[in-house]
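> Quick check, what structure comes out for this input:
(chains A and B)
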Amino acid sequence: MSSPVTINGFVVIPILYSRPSSEPSTSKKVQPTNHYIYARAHVGPKNAAQSTWPNGRTLFLVNVPPDATERELMSLFKSYGTIEKIVFDLDGEKEEEEDAEQSDEDEEMEDENDGLVDGQHAPANDEDDDEDEDGGHRKKRRKVTKPQPPKVVPLPSKTRRRIRKTGQTAHVIFLDASSLERTLSSAPQKSRPWPISDEEPRGLAHYAAMYDSARPPLDAIREHADTYMQLFDFEAAQAKRKSKFRKGEAIVDEDGFTLVTRGGAYGQTLGGGVTVATKMFQETGETSERNAGRQKKKKEKTNFYAFQKAEKQRNDLIELKRRWEQDKAKVEKLKASRHFKPY
Amino acid sequence: MAQSLKRKRTDGAPSRKVRRSSPVDESDAISEVEDDNTEEKDLQSHEEEWGGIGDGNAEGTSEKIKGTSQTKWRRHSSYEGRFGIIQIEFLQASAARSLLKKGVSVPYSTPMPNEDTNWKVAFEKPSDISLVGSWANKTHVKGQDGCKYGVDLAVEMPANLFQEKDYLNGRFFHKRSFYLAALAAAIVSDKGIASTFSTSFSSLGDDPRLTKLVLEPCADGSAHDFTKLNAQICIIPTLPSNSPITIHRLSPSHLNFRGTTEDKGDSDEKKASPLYNTAVLTALTPRSHLLSTHALQQNVPALDDAVALLRVWANQRGYGDGQKMTVRGFEGKGPWWTSLLQYLIQGEEPSGLGSKKSKRKPVGRGLSSYQLFRAALDFLSSHDFKDFPVFVKTKDGSHRYAPGEYQTHHDVVFVDSSSTVNLLANVPIGVLKLLQRDARKTLDLLNLSSVGDPFPEVFLKDHRDLQSRFDAVIRVDLSAVQARKLGPHSVVEAGTAANAMMTMMSSLLSHGLGNRVQAHAILHPSPSLRPLSQAHPTSPHIIHIGLLYDARHAFRQVDHGPAADESDSSVVERFLDFWGEKAELRRFKDGSIVQSVVWDIKTVDEKAHIPVMIVRHILHRHFGLDDTSVTTWQTHFDSLLKLPESISRYYVGSGLSMGFKGAITAFDDLVKGIKALDEALPLTLSSASAISDCLRYTSVFSPVPLPTSLAAALPPNARYTHPIDIVVEFEKSSRWPDELRAIQKVKLAFFERIAAALMSASSGLKVSVVVEDTQNDIQDISCLEIVTAEGWVFRARIWHDREATLLDRIISGKGSLPHVTVKPKDHRKGKEYHDAVQAREVYTRRFIHAPRHHRAIAKLCHNFPAFSGTVRLVKRWFASHWLLHGHVSDEAVELLCARFFVVPGWDENADQENNPHLKNPTVPGSKERGFAAVMQFLKDWKWEEGMFVPIYDTSMSSGPAPTANAADPSSSTAGAWRLSTKIDEQGTIWTKNGPDFIVARRVQALAQATWKYLQDMETSGRVVVQSMFDHPTNDYNLVLALNRRSLTRYHHNVKADPSSLPNQSKHQNEAGDVLVRPGFDPAMAYFKDLQRVYADTFRVFYDPFGGERIGAVWDPSLKLPRPFRVLGGFSSAPASTDVASSSKGNTKSSSTKKGRDLVTLNEAAVVVELERMGAGLLSGITIHV
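Numbers count the residues shown, from 1 in each chain, chains lettered A, B, ... in the order given. Model (predicted):
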């Protein structure tokens, strides 16, 4: 048989698991063990602009070993061609997203093709937003990169070996399409050994390294937090500028009090800060009738002075008489109408 | 009948026919008994038939005996009419010998008759035979452990066998014994009866004076076989009312045996023989009890049922006969239960004793059985038996003996309606207190209408298990007993030496323990039948002493005796004599000099042992029982919660402040330290709350710090310090950003500030900021790790309540401007949503529930001394069965245990000195009992029904209870247990992450095994507590063995091997560069990784306390081939169902295609992955197929 084994459209790539030499292996099982990775060319949605992965040169992998690192995968596939990038699907997107966003901002959306528009936001943006963004960009362009966003100093790197859920998927992006072809067509019948990289610690050392890297030095933390907050403030300022209600800043005095003024169309002060509307209003969007009535309570007492009482009594009596007369008239009228019955 | 007898006599040679006829007659009698056993008229006919048998047998016996040994026999046979009375007289000693030849020994009681006595024992036709007791009154109930119904047959010995002075020196008992033995011999020698019945002796309360003859049917299927009735016939010799014995000499104050007492010295002291007298009088009562009960039955329609309820209730609690441990003093107390109801209904015979107010109103006759039962329980639970004697209303309204005499000579007085015997004469007061507790417990249960149907709990459940019933169970082997002061008087008084010894033990124990215990009891199986050849009952060799602590006094360290200047020297002498070398003269702070007993303890744990220490001391001093024959389980349980000696000695030597007290002090200091930083921080600390079990007395190990000096000395796999979690809250501020990610970063900045400030404020403090590695960046992920100078490790987190609002906004899909309609898209899909749900869950648990839970549990620990120990033991149990942390959370265990301590409203007067709930008998007083109770509960808890634990204040305003997230999707996948509390109605806060149904079932199975083992421990006396904490690994598919050297907390292991904890002293010079990672537990991290990575592949189990193995069970459904899916969630291999070389063309055909697309779990590859991920940790993997 010449062609690789396929399953459900996936090419099965057998991987030979060799036991780590240092490991005291169990007595029973010495024969080599195969692990299977399933590979397929990535097929993106039709709209190429929304695709995260470049069509034609992206390899989609299923059942990557849970402790695989980029380096390990790279050395597994490097014989087929140069690899541009490896992304594990279940994670990592966050950092990538941030990077992407930053680069977006930096490059002012230079290329739509490669920009890794993050999966969550992309579908959320519909035309309106897009336009908005476009507008923002246009403005930015006009101002010619005046507000340079601060760079976030990342925390010292975590351990590079990240153990993910078993059966995970990954995308391998080759530099050119031919490597992908080669990979899929000539997947080996004989299993290839799983490359174990010693750069990233395993086992006990991995946990120790993880423990240590979870406790970064204090100045690194400070730097990270400070720069992040700078970026946050910057972005908040950006967002404010972009927002519809661009009327100015909320005024915060040095004691931390915000000067509250009744602001824009939705009971919102400027810049999305403090609201003046009632909670009820915020939640339902309407003021309650009852509440309004209660507020207009009469301050004057009506039943306090003797003259008030007397007046009230008299008024009541007059009213009663008036009613009586009215009722009488009504009855008369009714009677009259009854008399008028023709039959 | 009579004719057949006549024929026998005329024929001379006893024919077979006659022989056969006798058993027929007897079984006729019995069948009549079965048919119509209340008809007293029938008794007359029974009597006649029985008379006939007695006659015939006696004759046969005497003839045979005559043939063998004629010398010592004198036979006076006078024939009177048709029914000849044959009177045989013996000198008692020789009589015994002659009967012994027939395999029947005479159960003579002490004082034994000797050769010199010259009065005679004799047998003569019974003057009356009547069916008495519960069978006759139809008030019998089924006994425990398959005990048979007793059909009591009162055989009245003729009056002319007795003389006036027979009450003296046990003469009456000798005559009774011989009478019984002669009867037994006759029955045995009659082949017809002997083949149908197995005959044996049985002595009530192991007292040979109360021996009866028991006939059990052999299941031979013959016409007379009444095995199906599950009954046995008990023949009890009784005394006729017209006997010449002078009854008035048998009042409680009379001494009726002479010569045996030490004459000198004691003569001035008034000696009496109340128990002896009672034993004599007991021979008078069966008939009168029968009649009085019958009379009562006529008046009270519900009496039968009420008696049945009461006796079943009592039997289930061990107040009756049974093969298992029963409470001593309550064997054969059938008449008492009836008399109790009689007393309640008919009222009291005025005695002029006790105070007036003790007068009770009799209950109505028309009450239902349940009402009568409750009235009885009410009486039992509230009556003070010690101070108020009970006299049941008599028929003629007069006392036979002066009521005062009873009170001076008996502990407990309950005189029956015939005013003859004290039915509770041999019942120790401690046992009645136990009965009182049990009655109250049941009443409380009946009053709690909310619980549902109390019937099974009250009547169906067996409550005799010692471990969950008593706070301390002490197993005593009596084979080496040597009572220090057991005079012949008390031996004769009690019937046997063993009885006397146990009576003494009981009273000494109650004296020694005083108010430390609410009740104590001696328990042993009720006496069994013994063969006729055995004259005396074998008293039990193994007894159990059960103690029920009074938590307020039980653990007092000092007992005060008389003052040094006590004028009465005898008081001091008695005190010294009682306590022996333990007593010493001490001067106390208030200046008094008092004789006292001080129980010295080394650790706090030992304080809980004081009551047991006292029991041991008493047993040792007064009964010569040393530690080998006295067994308790406490120390074995203690050792489970301690570090191995090789490690703990470093701590003991270091002089550090350790334990929970030390931890709490360190926590307070830390909080003070942070508060003092006021200037350096942008916001001031408003509160700091602890959420760690180290600070609420419930961590398995007593927390210890790890100073650097000690770390070097300890072996590297014993350098673990557990981080103590705390939550800090700062004053409110509007400067926090209104965005979740930014909040996390601000927290980081905050931590950095605190860390820097703390470190500069006090040297020796090591503070670092921990950023957890997680994908979820809107969750609270960072904390501050503070290592104090003494080596305590704290982990602080910041509680910022704005997070909740922001998270809720994401979850509910509303923006910050709710009235602005959000574009209708499914907000539930994105990662953000799932992150938010997860973060919200963590937030609710960590910041809302954990501090409250902590406070409630800490309060419980203060109020119930045994609570902390119980939780620690149960946690240890869960851990050693590889369930804690991985599947069952700490808090869930705490709630589970709390259920046995709290009742609704327990905390209303918790702060008062005399909290009634402390006296609640259901509350365990020791951790062993708590543990047993939890196991008993877990083994048949229906967890589907959930459980409510009222640990929170009833008064607490539920206020803005954390709103249950109705939209929470993960609540559907919650664990199997539901432990709801007032603030968590759903009850899933602490059980959300397990146990799931599979694990819950496993918990149940493990609890069952443990419970069984606990019970085995009682019966067999094996004391291997460890094996309950020994986890069987056969059920696992994979067992990963871990390398002991690389575990950081191996010293916590249940079975830590000291040799694997190498002594570090040789490498002291390297002390400088010892790297200590506080709280670093790679094995746990590995386990957590496995749990996460292979969540759908297998289930992993691990002991968090230094376990050296990890167990895993494959998901069985993965073994079957299944279609390939991209997100299958497990490591798969193509199923090799079809041949790989199948041609390409075939792939089109769907059947082959299907076959080819199937995949199965790639087990081997997973195993290699496990090995790879655990490099350096694992030492091997065992695969069970």
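
> What segments of the stretch 101-250 of chain A are strands?
With DSSP state E, counting those that start in this stretch applied, the stretch 101-250 of chain A shows strands at A:168-174, A:192-193, listed in chain order.

> right, is the shortest one up against chain B?
In this case it means strand A:192-193. No: counting by C-beta under 8 Å from any C-beta of the partner chain, chain B is not contacted by strand A:192-193; separation bottoms out at 11.8 Å. For every residue, glycine as well, the C-beta is placed using N, CA and C.

> Pairing partners for that strand, with directions?
The pairing partners recorded for strand A:192-193 under DSSP bridges are strand A:10-17 (parallel).

> Could I have the CA atoms of the strand it pairs with written out in PDB?
Coordinates of the C-alpha atoms in strand A:10-17 are reproduced here as PDB (Å, rounded to 0.1, in the frame of the first residue of the first chain):
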ATOM      1  CA  PHE A  10      -7.600  12.600   8.100                       C
ATOM      2  CA  VAL A  11      -4.200  11.200   7.400                       C
ATOM      3  CA  VAL A  12      -3.000   9.000  10.200                       C
ATOM      4  CA  ILE A  13       0.500   9.800  11.200                       C
ATOM      5  CA  PRO A  14       1.800   7.100  13.600                       C
ATOM      6  CA  ILE A  15       4.300   8.400  16.100                       C
ATOM      7  CA  LEU A  16       6.600   6.100  17.900                       C
ATOM      8  CA  TYR A  17       6.700   6.700  21.600                       C
END
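
> buried sites along that strand?
Using 16 or more other C-beta atoms under 10 Å in any protein chain shown as the burial criterion, the residues of strand A:10-17 that qualify are A:10-15, A:17.

> Also stretch B:321-335?
Applying a neighbour-count criterion of 16+ other C-beta under 10 Å, the buried positions in stretch B:321-335 are B:321-322, B:324-335.

> and the end-to-end length of that stretch?
The stretch stretch B:321-335 measures 14 Å between its terminal residues, going by C-alpha to C-alpha, to the nearest Å.

> any idea of the pLDDT on the residue of the stretch 201-350 of chain B found nearest chain A?
Among residues of the stretch 201-350 of chain B, the one nearest chain A by C-beta to the nearest C-beta turns out to be B:Lys324. It sits 47.8 Å away. pLDDT, the model's per-residue confidence, is 78 for B:Lys324.

> helix, strand or coil for it?
B:Lys324 carries the three-state label coil when classified by DSSP: H, G, I helix; E, B strand; the rest coil.

> That one against B:Gln144, yeah?
Yes: with contacts defined as C-beta atoms under 8 Å, B:Lys324 counts as touching B:Gln144 at a distance of 7.0 Å.

> Can you check which residues contact both of the two?
Between them, B:Lys324 and B:Gln144 have B:Arg464 as joint contacts when contacts are counted by C-beta atoms under 8 Å, 6 or more residues apart in numbering or on different chains.

> returning to that earlier point: any chance of the strands of the stretch 101-250 of chain A in a markdown table, with distance to B:His536 and mean neighbour count too?
Putting the strands of the stretch 101-250 of chain A into a markdown table (distance: least, C-beta to C-beta, whole Å; neighbours: other C-beta atoms under 10 Å in any protein chain shown) gives the following:
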| stretch | distance to B:His536 | mean neighbour count |
| --- | --- | --- |
| strand A:168-174 | 80 | 21 |
| strand A:192-193 | 84 | 12 |
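
> Out of those strands, the one nearest B:Leu784 is which?
Distance to B:Leu784, taken as C-beta to C-beta, is lowest for strand A:168-174 among those, at 33.0 Å.

> Okay, now the sheet partners of the closest one, with direction.
Based on DSSP bridges, the pairing partners of strand A:168-174 within the sheet are strand A:58-64 (antiparallel), strand A:83-88 (antiparallel).

> could the strands of the stretch 101-250 of chain A go into CSV alongside mean pLDDT and distance to B:Phe667?
Compiled in CSV, the strands of the stretch 101-250 of chain A are given as follows (pLDDT from 0 to 100; distance: least, C-beta to C-beta, whole Å):
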stretch, mean pLDDT, distance to B:Phe667
strand A:168-174, 85, 42
strand A:192-193, 80, 53
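
> Same list (these) but as a markdown table, adding distance to B:Val1076.
Converted to a markdown table, these look like this (distance: least, C-beta to C-beta, whole Å):
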| stretch | distance to B:Val1076 |
| --- | --- |
| strand A:168-174 | 35 |
| strand A:192-193 | 39 |
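
> wait, what's in contact with the residue of the stretch 201-350 of chain B closest to chain A?
Residues counted as contacts of B:Lys324 (C-beta under 8 Å, 6+ apart) are B:144-145, B:318, B:464, B:525.

> Counting neighbours, which of those comes out on top?
For the contacts of B:Lys324, neighbours were counted using other C-beta atoms under 10 Å in any protein chain shown, and B:Gly318 has the most, 29 neighbours in all.

> From what I see, that residue and B:Arg328 are in contact.
No: contact status for B:Gly318 versus B:Arg328: not in contact, 9.6 Å apart, counting by C-beta under 8 Å.

> Overlap in contacts, the two.
If you check B:Gly318 and B:Arg328 against C-beta under 8 Å, 6+ apart, the residues they both contact are B:Leu523.

> Let me see the contact set for the residue nearest to B:Asp940 when sequence neighbours are not counted.
Once its chain neighbours are removed from consideration, B:Asp940 has its nearest residue in B:Gln1004; the separation is 7.5 Å (C-beta to C-beta, 6 or more residues apart in numbering or on different chains). Each residue near B:Gln1004 by C-beta under 8 Å, 6+ apart is listed here: B:938-941.

> now, which of those sits nearest chain A?
Nearest to chain A among the contacts of B:Gln1004: B:Leu938, at 32.4 Å, using C-beta to the nearest C-beta.

> Tell me which residues touch the closest one, please.
The neighbours of B:Leu938, taking C-beta under 8 Å, 6+ apart as the test, are B:896, B:1003-1004, B:1007.

> Recalculate using a threshold of 7 Å.
By C-beta atoms under 7 Å, 6 or more residues apart in numbering or on different chains, the contact list for B:Leu938 reads B:1003-1004, B:1007.

> Show the average pLDDT along the host helix or strand of it.
When secondary structure is defined using DSSP states H and E, the element that contains B:Leu938 is helix B:927-939. For helix B:927-939, mean pLDDT rounds to 90.

> Going by neighbour count, list what's buried in it.
Going by neighbour count (16+ other C-beta under 10 Å), the buried part of helix B:927-939 is B:927-939.

> cool, and stretch B:571-581?
B:572, B:575-576, B:578-579.

> can you redo the residues you listed as CSV with pLDDT?
Conversion of the buried residues of stretch B:571-581 to CSV gives the following (pLDDT from 0 to 100):
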residue, pLDDT
B:Val572, 84
B:Phe575, 87
B:Leu576, 85
B:Phe578, 88
B:Trp579, 88
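
> Contacting chain A as well, which ones from the residues you listed?
Restricting these to those adjacent to chain A (criterion: C-beta under 7 Å from any C-beta of the partner chain) removes every one of them.

> Do you have the helices of the stretch 51-200 of chain A handy? List them.
If DSSP state H, counting those that start in this stretch is used as the criterion, the helices of the stretch 51-200 of chain A fall at A:70-77, A:93-107, A:121-124, A:127-143, A:177-185.

> of all the contacts of B:Leu938, which comes closest to B:Asn426?
The shortest gap between B:Asn426 and any of the contacts of B:Leu938 belongs to B:Ala1007, at 38.6 Å (C-beta to C-beta).

> Which residue comes closest to the closest one once chain neighbours are left out?
B:Leu938 (3.7 Å).

> And for B:Asp462?
Closest residue to B:Asp462 apart from its sequence neighbours, by C-beta to C-beta, 6+ apart: B:Gln316 at 5.7 Å.

> and B:Thr420, what is it in contact with?
The contact partners of B:Thr420, by C-beta under 7 Å, 6+ apart, come to B:281, B:284-285, B:400.

> hmm, try it at 8 Å
Contact analysis of B:Thr420 by C-beta under 8 Å, 6+ apart lists B:281, B:284-285, B:288, B:400.

> Same question for B:Val902.
So B:Val902 contacts B:860, B:917, B:949-951 (C-beta under 8 Å, 6+ apart).

> B:Asp220 too?
Taking C-beta under 8 Å, 6+ apart, we find B:Asp220 in contact with B:195-196.
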